[in-house]
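Visitor: pasting the sequence and the predicted coordinates here, then a few questions.
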Amino acid sequence: MGKKKILVLQFRHETNSFCPALSDGAAFRNLEFDMGEDAFSAHRGSGTEMGAFLDVLEGREDIELIPVAALTANPAGPVTEDVYLYVLENLQAAMLKHSPIDGVLLCLHGAMVAQKHPDGEGDLLEDIRRYAGWDIPVVATLDLHANVTEKMAHCATALIPYERYPHTDSYETGRVAAQLFADALDGKITPVTVYRRVPYLLPLFPDAEPPMCRIYAFAAELKERYHLMELRFTHGFFLSDIEEMGMAVLAVSDGDENAANAAAEELAALIRESIPDLKRHYPDLEDVLDEAEHSPDTPFVIADASDNPGAGGFGDTTHILRRILERGMQGAVIATIVDAESVERCIEAGVGAFISLKIGGKSDASFSGGPLAVSGYIKRITDGTYTVTAQMDHGSKMRHGKTVLLEVEGNAVILSSYPRQPWDLGIFTSHGIMPEQQKILVTKSAIHYRAAYGTIAKKMVAVALPGYSTPVPDGIPFQHLKG
Ligand SMILES: [Zn+2]
């Protein structure tokens with residue numbers, strides 16, 4: 001008997017429909033745009049979902065794994081049609097070339113919006129069914145911030161989202177999905193997926209804080225009580241602005257639809273009941289700076305949640321740095337201010353030069369706080385690349401583009417070239433900064449920074465200032481949302 005032919009595709013994008021920068025081919029090439037075998041070699045042995053897929057399945061002699069592609073772009077505006085259709089056409093070509101295929105294993109985000117495909121993943125999964133039929137397992141991992149639509153749930157055999165925020169379980173989620181996929185492929189199980197949407201727009205919310213932690217504990221209890229394979233839920237991503245947004249429960253049973261329905265209903269009910277407590281309060285920036293300035297608890301971390309390049313922020317707003325300088329504060333490290341133009345000017349001037357610049361604030365006049373005039377000493381220039389040592393995506397490369405470490409009035413400002421969420425401590429160590437010895441660390445992140453920074457920080461506070469990645473849905477002019 002011939003080998004079972006399995007197509008593997010990673011196509012990840014978290015789309016912030018309010019962000020005016022489209023996610024085009026260059027945006028994907030900037031982070032990850034690998035076709036064919038390159039898709040596997042980039043992930044083999046890494047702590048990503050794709051790395052887990054390979055760890056689980058690559059040793060099997062009865063399976064032929066066929067890599068289609070691995071694409072990821074930084075969260076930003078909608079994916080351009082040319083990129084979206086390019087991936088779909090390559091997937092279709094692979095399905096036809098290797099027909100009949102025996103299964104498809106995917107690493108998706110779940111909040112992708114392409115210019116003409118608001119339900120990016122739903123349309124992709126539907127396309128797979130159109131070409132490869134309904135008799136094969138089609139399993140996908142999802143980010144916790146997926147907007148799971150009816151179509152996605154209908155077309156997939158199973159959808160397995162992360163459970164942790166920060167997403168420290170990406171590898172583990174990949175293993176769960178690959179094992180479930182393999183068991184379905186082998187006929188050991190008959191997965192039945194039940195889907196319940198809870199159309200509540202959840203602010204960015206860590207998994208460990210109440211009441212969220214209680215919802216996770218209840219899910220684990222229900223999973224056991226109803227003998228389910230998986231019982232998970234997604235948090236949704238309201239900045240996508242599509243019709244079907246919000247939270248969703250996904251129950252996977254081995255053949256027992258009634259059990260999956262009962263568990264999904266009970267979990268959805270608890271989420272609905274918890275909504276009054278699933279809110280976030282963000283403190284005033286001046287209060288936070290007052291506290292940070294005098295706090296004996298160092299490092300004191302201030303997270304700029306609304307300018308998070310991990311959710312569609314440009315990473316160049318100047319609100320916090322401006323106030324730090326105006327207040328005459330010292331001992332802060334700012335990671336980062338995205339400003340490719342200023343980086344180039346610093347590189348021309350060279351290490352050791354004293355330079356006057358207008359940094360950041362160039363992306364959008366209404367949100368950014370405008371460029372900030374500073375004078376400083378260029379201490380270091382780097383290629384902006386380091387290997388992630390945090391648990392999330394452990395071992396992968398983080399690329400900020402060329403960076404400059406600028407000393408400004410007793411503070412250190414890291415200027416970078418691309419918007420990237422600096423959630424790994426490598427952003428400091430790669431610039432010769434020992435983060436645990438600093439007074440104040442300012443980062444452009446909403447929640448993810450807490451995993452790595454939490455190992456050294458004495459205090460961590462997030463603020464919600466003007467920006468494209470506001471962590472709360474209140475006041476956002478949604479255009480497509482339906483309740
Ligand atoms: Zn996420």
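Guide: Here it is on my side, so go on.
Visitor: so in terms of bridging, what pairs with Leu142?
Guide: Beta-bridge pairing for Leu142 (DSSP bridges): Pro161.
Visitor: that one: neighbouring residues, count only.
Guide: For Leu142, the tally of surrounding residues (other C-beta atoms under 10 Å) stands at 29. Yep, even glycine has a C-beta here, placed from its N, CA and C like the rest.
Visitor: ok, now Ile347?
Guide: Counted with other C-beta under 10 Å, the neighbours of Ile347 add up to 14.
Visitor: shouldn't it be in contact with Val404?
Guide: Yes: checked against C-beta atoms under 8 Å, the pair Ile347 and Val404 is within contact range at 7.1 Å.
Visitor: tell me, what's touching these two both at once?
Guide: Where contact means C-beta atoms under 8 Å, 6 or more residues apart in numbering, the residues bridging Ile347 and Val404 through contact with each are Ile381.
Visitor: name the nearest residue to Met245, ignoring sequence neighbours.
Guide: When the adjacent residues along the chain are set aside, Met245 lies closest to Asn147, with 4.8 Å between them (C-beta to C-beta, 6 or more residues apart in numbering).
Visitor: now do that neighbour, the pLDDT please.
Guide: According to the per-residue confidence, Asn147 scores 98 in pLDDT.
Visitor: got the residues of this structure near the ion?
Guide: With the criterion set to C-beta under 5 Å from the ion, the chain comes near the ion through Asp143, His145.
Visitor: can you tell me which residue is spatially central in the chain?
Guide: Taking C-alpha atoms, centre = their mean as the criterion, Gly310 is the residue nearest the geometric centre of the chain, at 5.9 Å.
Visitor: wait, is that residue part of a helix?
Guide: No: counting by DSSP: H, G, I helix; E, B strand; the rest coil, one finds Gly310 to be coil, located in no helix.
Visitor: then the helix or strand of the chain with the lowest mean pLDDT to PDB, C-alphas only?
Guide: Every helix and strand of the chain was ranked by mean pLDDT, DSSP states H and E. The lowest is helix 365-368, at a mean of 82. Taking Å, rounded to 0.1, in the frame of the first residue of the first chain, the C-alpha atoms of helix 365-368 are listed here in PDB:
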ATOM      1  CA  ALA A 365      -0.800  61.900  13.200                       C
ATOM      2  CA  SER A 366      -4.100  61.300  15.100                       C
ATOM      3  CA  PHE A 367      -2.800  58.400  17.200                       C
ATOM      4  CA  SER A 368       1.000  58.600  17.300                       C
END
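Visitor: leaving out sequence neighbours, find the closest residue to the residue in the chain positioned nearest to the ion.
Guide: Distance from the ion to each residue of the chain (C-beta to the ion) is smallest for His145, at 3.6 Å. Nearest residue to His145 in three dimensions, chain neighbours excluded: Phe237, at 4.1 Å (C-beta to C-beta, 6+ apart).
Visitor: same deal with Val176?
Guide: If the residues on either side of it in the chain are set aside, Val176 comes closest to Ile160, at 5.6 Å by C-beta to C-beta, 6+ apart.
Visitor: local confidence estimate at that neighbour?
Guide: In the prediction, the pLDDT value recorded for Ile160 is 98.
Visitor: try Asp364
Guide: At Asp364 the predicted local confidence, pLDDT, stands at 80.
Visitor: again, but for the one 5 residues further on
Guide: Looking at Gly369, its pLDDT stands at 92.
Visitor: likewise Asp424?
Guide: The confidence metric pLDDT takes the value 97 at Asp424.
Visitor: try the one 5 residues further on
Guide: With respect to pLDDT, Thr429 has a value of 98.
Visitor: that one against Pro435, yeah?
Guide: Yes: using C-beta under 8 Å, Thr429 is in contact with Pro435, at 7.2 Å.
Visitor: more neighbours, those two?
Guide: The neighbour comparison of Thr429 against Pro435 (other C-beta under 10 Å) goes to Pro435, with 21 against 13.
Visitor: now do the SS call for the nearest residue to the more buried one once chain neighbours are set aside.
Guide: Nearest in space to Pro435, with sequence neighbours left out and distances taken as C-beta to C-beta, 6+ apart, is Phe428 at 4.1 Å. The three-state assignment at Phe428 reads helix, by three-state DSSP.
Visitor: isn't Phe428 up against Met434?
Guide: Yes: with contact taken as C-beta under 8 Å, Phe428 and Met434 are classed as touching, separated by 7.2 Å.
Visitor: so for these two, which residue has more residues nearby?
Guide: Neighbour comparison, Phe428 and Met434: the larger count goes to Phe428, with 26 against 11 (by other C-beta under 10 Å).
Visitor: let me see the contact set for that one.
Guide: Val333, Ala335, Met434, Pro435, Gln438, Leu441.
Visitor: which residues touch whichever helix or strand Glu265 is part of?
Guide: Using DSSP states H and E, the element containing Glu265 is helix 257-274. For helix 257-274, contacts defined as C-beta under 8 Å, 6+ apart pick out 192-196, 198, 200, 211, 214-215, 218-219, 222-223, 225-228, 231, 233, 247, 249-253, 278.
Visitor: what distance separates that helix from the centre of its chain?
Guide: Relative to the mean C-alpha coordinate of its chain, helix 257-274 is positioned 26 Å out (C-alpha atoms, centre = their mean, to the nearest Å).
Visitor: ok, now stretch 347-356?
Guide: Averaging C-alpha positions (C-alpha atoms, centre = their mean) puts stretch 347-356 34 Å from its chain's average.
Visitor: so which residues make contact with that stretch?
Guide: 345-346, 373-381, 402, 404, 406.
Visitor: redo the residues you listed as CSV? Include neighbour count, secondary structure and distance to Leu96.
Guide: Converted to CSV, the contacts of stretch 347-356 look like this (neighbours: other C-beta atoms under 10 Å; DSSP: H, G, I helix; E, B strand; the rest coil; distance: C-beta to C-beta, whole Å):
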residue, neighbour count, secondary structure, distance to Leu96
Arg345, 19, helix, 51
Cys346, 26, helix, 51
Ala373, 11, strand, 58
Val374, 22, strand, 56
Ser375, 11, strand, 61
Gly376, 22, strand, 57
Tyr377, 13, strand, 59
Ile378, 21, strand, 55
Lys379, 17, strand, 55
Arg380, 17, strand, 51
Ile381, 18, strand, 49
Lys402, 19, coil, 42
Val404, 31, strand, 49
Leu406, 25, strand, 53
